[in-house]
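Colleague: A predicted structure for the sequence below; I have some questions about it.
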Amino acid sequence: MIRVRIAPSPTGFAHVGTAYTALFNYAFAKNKKNEGKFILRLEDTDVKRNVKGAEEAIYEGLSWLGLSWDEGPDKDKGEYGPYRQSERLKTYREWAERLLKEKKAYEDEGAIRFKNTGKDMVWDDLIRGKISFPGGEVTDFVILKSDGYPTYNFGAVIDDILMEITHVIRGEEHISNTPRQLALYTAFAKAHPKFAHLPTLRNKDRKKLSKRRDPVDLRVFREKGYLPEALVNFLCLLGWSHPQGKEIFDLEEFVRLFDFKRVRSAGPIFDTTKLDWINGEYIRKTNNDSLAKLVWEYAERKYPLEKVEEIIPLVRERMNKLSEFFTLAGFLVEEKPPKPLFLTDSYSANISGATISKLNNLPESRWNKQNLDKVLGEANRMAGTATGDFFMDIRGTIAGSSVTPPITESIEILGKKETIDRLKTGQKKFSK
Ligand code: GLU
């Protein structure tokens, strides 16, 4: 039985790198050939860095992406837990004392230090092939600190042994830790799991993603209006390629086709322009009703759903993120009217008393696109101005912006009263 795990530290928010590692672990475990278990373990041994709410943020982030774990602190079936390292201190001490007794470790100022054997360390990495470190690379190292907490290398190995982890799939920054971990497996006379070291994600400047420079908090992706399916699809493409070269595919397909042979070891670029494109593709694949629901939920149900539904067909082709619904069409749902913009030299002729009264003469019952096109066309002829300018001023006055969805459709949705009010405000403000 395949058993894999991720072991994030609850030190703040859920990092997109954790999601990336989780995704590849999940895919490997859930691939039909494997039918394995995906385990979530929390490395909360750096007590000073633990943050309240960070554990929940990890649950929330992974759940949002649809990466469900079989075992974890919140899913402890009693067999392999506990899954928080801070709750396993007794176990680490017992295992450290075994090494003491066998003279494979020694006490040093209250800490316990592992005695290096000086042997070469070699493993066959599932992504990188053979990796070897010469003996002497590993010096004696602390396994249990004087405060009773294990160091990362020790805690990870003990947990991986006891949780019967078969494959350790993690970031390449842990390659240099692997020799120490192998030395510990040898000392305990245990077979080591297989290792796969995923490439580090880099930004467009080829720098490691950092929370100061780059978007890395999963919550931020959600707040910016990315769909979880799109983010997952994007993460799949970082280092992995679809056998048919497809760029758009879902988690189920990734899991079905996953194979380490298709994972490259070189640093994939976390390019948010590409993410925006993928997100747009997912938005386009979503039908109007579902997309309206997503936008409505995204805005915390602040606006009437029917209103959002009405607007969606006008903006969906131009949206790459849910947030863009509001940059494009906020003026149709926001209660507060936008500040009018005066965009052309012929503003006073375009937004004139005549234009307003033309629209005013169109009864509410006939306030639809077809009639509005006609009426606005007539008003434009009366104004005697360039059509582009005329509609530009209508746009700027009604929307407070020079880019909007098709303007007559917008006016239809905005309704007669609000349209006229906004035109009158524009006219008044202009003549001041
Ligand atoms: N806390 C480590 C990390 O998130 C775990 C490394 C491992 O998987 O062994 O990078």
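Modeller: Now that the structure is in, tell me what you want to look at.

Colleague: Point out the residues in the stretch 151-300 of the chain that sit beside the ligand.
Modeller: Applying Cβ under 6 Å from any ligand atom, we find that the stretch 151-300 of the chain lies next to the ligand at 156, 170, 171, 174. The way it works is simple: take the backbone N, C-alpha and C, and place the C-beta from them, glycine included.

Colleague: ok, 8 Å please
Modeller: 152, 156, 160, 168, 169, 170, 171, 173, 174, 177 (Cβ under 8 Å from any ligand atom).

Colleague: Can you say which of the residues you listed are buried?
Modeller: 152, 156, 160, 168, 169, 170, 171, 174 (16 or more other Cβ atoms under 10 Å).

Colleague: Most remote residue from the middle of this structure, which is it?
Modeller: Here the chain reaches farthest from its C-alpha mean at residue 382, the gap being 52.5 Å by Cα atoms, centre = their mean.

Colleague: pretty sure residue 168 is touching residue 182, no?
Modeller: No. Under the criterion of Cβ atoms under 8 Å, residue 168 makes no contact with residue 182, lying 11.0 Å away.

Colleague: which residues of the protein score low on pLDDT?
Modeller: Scanning the chain for pLDDT under 70 picks out nothing.

Colleague: State whether residue 428 is indeed within a helix.
Modeller: Yes. With DSSP: H, G, I helix; E, B strand; the rest coil as the criterion, residue 428 is part of a helix.

Colleague: Enumerate every residue touching residue 383.
Modeller: Taking Cβ atoms under 8 Å, 6 or more residues apart in numbering, we find residue 383 in contact with 346, 349, 350, 352, 354, 355, 390.

Colleague: Greatest separation within those: which pair is it?
Modeller: Maximum pairwise distance in these, criterion Cβ to Cβ, is 13.2 Å, between 346 and 354.

Colleague: Can I get the residues of the stretch 151-300 of the chain next to the ligand in CSV including secondary structure and distance to residue 59?
Modeller: Output for these, formatted as CSV (DSSP: H, G, I helix; E, B strand; the rest coil; distance: Cβ to Cβ, whole Å):
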residue, secondary structure, distance to residue 59
152, helix, 22
156, helix, 21
160, helix, 22
168, strand, 22
169, strand, 20
170, strand, 20
171, strand, 21
173, helix, 24
174, helix, 23
177, helix, 26
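
Colleague: Redo the residues you listed as CSV? Include distance to residue 432.
Modeller: Formatted as CSV, these follow (distance: Cβ to Cβ, whole Å):
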residue, distance to residue 432
152, 67
156, 70
160, 73
168, 70
169, 66
170, 65
171, 61
173, 62
174, 66
177, 69
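
Colleague: just curious, which of those is nearest to the ligand?
Modeller: Nearest to the ligand among those: residue 170, at 3.6 Å, using Cβ to the nearest ligand atom.

Colleague: measure the nearest residue to that closest one once chain neighbours are set aside to the ligand for me?
Modeller: Spatial nearest neighbour of residue 170, excluding adjacent residues (Cβ to Cβ, 6 or more residues apart in numbering): residue 21 at 5.9 Å. Between residue 21 and the ligand the computed distance is 7 Å (Cβ to the nearest ligand atom, to the nearest Å).

Colleague: any residues touching the host helix or strand of residue 21, and which ones?
Modeller: Using DSSP states H and E, residue 21 sits within helix 16-30. Contact with helix 16-30 is made by 2-6, 8, 34, 36-38, 58, 61-62, 65, 67, 167, 169-171, 196, 198, 201, 209, 215-218, 221, 231-232, 235-236, 238, 240, 254-255, 258, 260, 263, 270, as judged by Cβ under 8 Å, 6+ apart.

Colleague: Then stretch 198-207?
Modeller: So stretch 198-207 is in contact with 16-17, 20-21, 24, 127, 169-173, 208-209, 213-214, 238-239, 263-271, going by Cβ under 8 Å, 6+ apart.

Colleague: ditto for stretch 143-153
Modeller: 43, 45, 47, 85-86, 89, 92-93, 96, 99, 105, 109-114, 141-142, 154, 158, 177, 180-181, 184.

Colleague: Go ahead and measure how far that stretch is from the middle of the chain.
Modeller: Distance of stretch 143-153 from its chain centroid, counting by Cα atoms, centre = their mean, to the nearest Å, is 33 Å.

Colleague: Restricting to C-alpha, output that stretch in PDB.
Modeller: Provided in PDB are the C-alpha atoms of stretch 143-153 (Å, rounded to 0.1, in the frame of the first residue of the first chain):
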ATOM      1  CA  ILE A 143      18.500  14.900  16.800                       C
ATOM      2  CA  LEU A 144      16.800  15.900  20.100                       C
ATOM      3  CA  LYS A 145      17.200  19.400  21.400                       C
ATOM      4  CA  SER A 146      17.600  20.100  25.100                       C
ATOM      5  CA  ASP A 147      13.900  21.200  25.300                       C
ATOM      6  CA  GLY A 148      12.800  17.700  24.200                       C
ATOM      7  CA  TYR A 149      11.800  18.700  20.700                       C
ATOM      8  CA  PRO A 150      13.200  16.800  17.800                       C
ATOM      9  CA  THR A 151      15.100  18.500  15.000                       C
ATOM     10  CA  TYR A 152      13.400  18.400  11.600                       C
ATOM     11  CA  ASN A 153      15.500  15.500  10.200                       C
END
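
Colleague: in that stretch, what's buried?
Modeller: In stretch 143-153, counting by 16+ other Cβ under 10 Å, buried: 143, 144, 149, 150, 151, 152, 153.

Colleague: Relative to residue 83, how far out is residue 36?
Modeller: Applying Cβ to Cβ, to the nearest Å, the value for residue 36 to residue 83 is 17 Å.

Colleague: try residue 267
Modeller: Between residue 267 and residue 83 the distance, using Cβ to Cβ, works out to 31 Å.
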